[in-house]
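*Asks:* Show me how the following folds:
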Amino acid sequence: MRDIQNEPDHRNIPIDKVGIKNLRYPIKVLDRTNGYQHTVATINMYVDLPHKNKGTHMSRFVEIINQYRLNLSLKKISVILAEMKTHLNAASAHIEINFPYFVEKRAPISEAAGLMDYDCKIRGVSNTDGKIDLILEVVVPISSVCPCSKEISEVGAHNQRGAVSLKVRFKKFIWIEDMIEVVEKAASCEVFSVLKRVDEKSVTETAYHNPKFVEDIVRDVAAILREDDNITWFTVGAENFESIHNHSAYAHISSNHLHTENGFFKVVTSKRHEDAIP
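*Replies:* Predicted coordinates:
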């Protein structure tokens, strides 16, 4: 049969990214407590296309991800990117894997168990020079109490739920749970899926005695990460869904702009991770 996509194209225009988007696929990922867990990912996969080629082989993207869906660790990303470049005759490759990650959390007093879900994203790029860039992102729900409201009010203070998005580059393997814990420690209080009355009392009072602006939250996260030798780059953004306004409060920090005792925070944008990741 005639293979049109392998025929030459005469418009002389290269394409930066071509591939598949929003592929929903069951995958297995590493879990700090249980070894691994099954989840469902939404996957984007792209390669570049030279000016002389009419099209790419879309089915090969799915064939590649199918080989690794039951063992999709961070280390495998570099292998998948290499196979994309090889099987699709590409100079560069990109993959984005979005998935919910579940952690069992126990209520602070009753210890009632419940599952919390966190939106996660793995982004991998293999450039034309063969270097691998990996970014891991997690979005963590939090609660906060307004310090200003507490200061000026005779009774109570307004509080709200929020979300913190944390992205990191790293030298060695990093657990999603570790990223979650850094963010939750910076909030006024954690968010739980199951709370009894004694727990509601506890989290309400914990948050009230630990008021935080969005500025406080991102600074507290940044202060921890800039001292972590494993982290080579990060961004952290906090959004509070305000309870007394019809808008959100937002703050963002990138390590590109931070100083340390030794100068600027070291930024590594293209590092081979696979030798250090289990």
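*Asks:* immediately after the biggest strand by length in the chain, which helix or strand?
*Replies:* Ranked by residue count under DSSP state E, the longest strand found in the chain is strand 15-31. Toward the C-terminus, strand 15-31 is succeeded by strand 35-49 as the next helix or strand (DSSP states H and E).
*Asks:* what packs against the helix or strand just after that following strand?
*Replies:* Note on strand 35-49: by DSSP H and E, the next helix or strand toward the C-terminus is helix 58-68. In this structure, helix 58-68 makes packing contacts with strand 15-31, strand 35-49, helix 74-87, judged by 3 or more C-beta pairs under 8 Å, 6 or more residues apart in numbering; DSSP states H and E. For the C-beta atoms, the positions are set from N, CA and C on the backbone; glycine is no exception.
*Asks:* one more time with 6 Å, if that's ok
*Replies:* If contacts are counted by 3 or more C-beta pairs under 6 Å, 6 or more residues apart in numbering; DSSP states H and E, helix 58-68 sits against strand 15-31, helix 74-87.
*Asks:* Run the angle between the first one and helix 58-68 for me.
*Replies:* Inter-element angle recorded for strand 15-31 and helix 58-68: 20 degrees (by axes from the mean of the first three to the mean of the last three C-alpha atoms, to 10 degrees).
*Asks:* What pairs with strand 15-31, parallel or antiparallel?
*Replies:* Partner strands for strand 15-31, per DSSP bridges, with pairing direction: strand 35-49 (antiparallel).
*Asks:* Show residues contacting the partner strand.
*Replies:* Contact with strand 35-49 is made by 15, 17-28, 30-31, 56, 61, 84, 88, 90-100, as judged by C-beta atoms under 6 Å, 6 or more residues apart in numbering.
*Asks:* about what we covered before: winner for burial among the helices and strands packed on helix 58-68?
*Replies:* Of all those, helix 74-87 carries the top mean neighbour count, a mean of 18, counting by mean count of other C-beta atoms under 10 Å.
*Asks:* Dump the following helix or strand past it to PDB, restricted to CA.
*Replies:* On the C-terminal side of helix 74-87, the closest following helix or strand by DSSP H and E is strand 93-106. Output of strand 93-106 as PDB, limited to C-alpha atoms (Å, rounded to 0.1, in the frame of the first residue of the first chain):
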ATOM      1  CA  ALA A  93      11.600  14.300  21.400                       C
ATOM      2  CA  HIS A  94       9.100  15.500  24.000                       C
ATOM      3  CA  ILE A  95       6.800  13.700  26.500                       C
ATOM      4  CA  GLU A  96       4.300  15.000  29.000                       C
ATOM      5  CA  ILE A  97       2.600  12.600  31.400                       C
ATOM      6  CA  ASN A  98      -0.200  13.900  33.600                       C
ATOM      7  CA  PHE A  99      -1.700  11.700  36.200                       C
ATOM      8  CA  PRO A 100      -3.500  11.700  39.600                       C
ATOM      9  CA  TYR A 101      -1.400  10.300  42.400                       C
ATOM     10  CA  PHE A 102      -3.000   9.000  45.600                       C
ATOM     11  CA  VAL A 103      -1.600   9.100  49.100                       C
ATOM     12  CA  GLU A 104      -3.300   7.600  52.200                       C
ATOM     13  CA  LYS A 105      -3.500  10.200  54.900                       C
ATOM     14  CA  ARG A 106      -4.800   9.800  58.500                       C
END
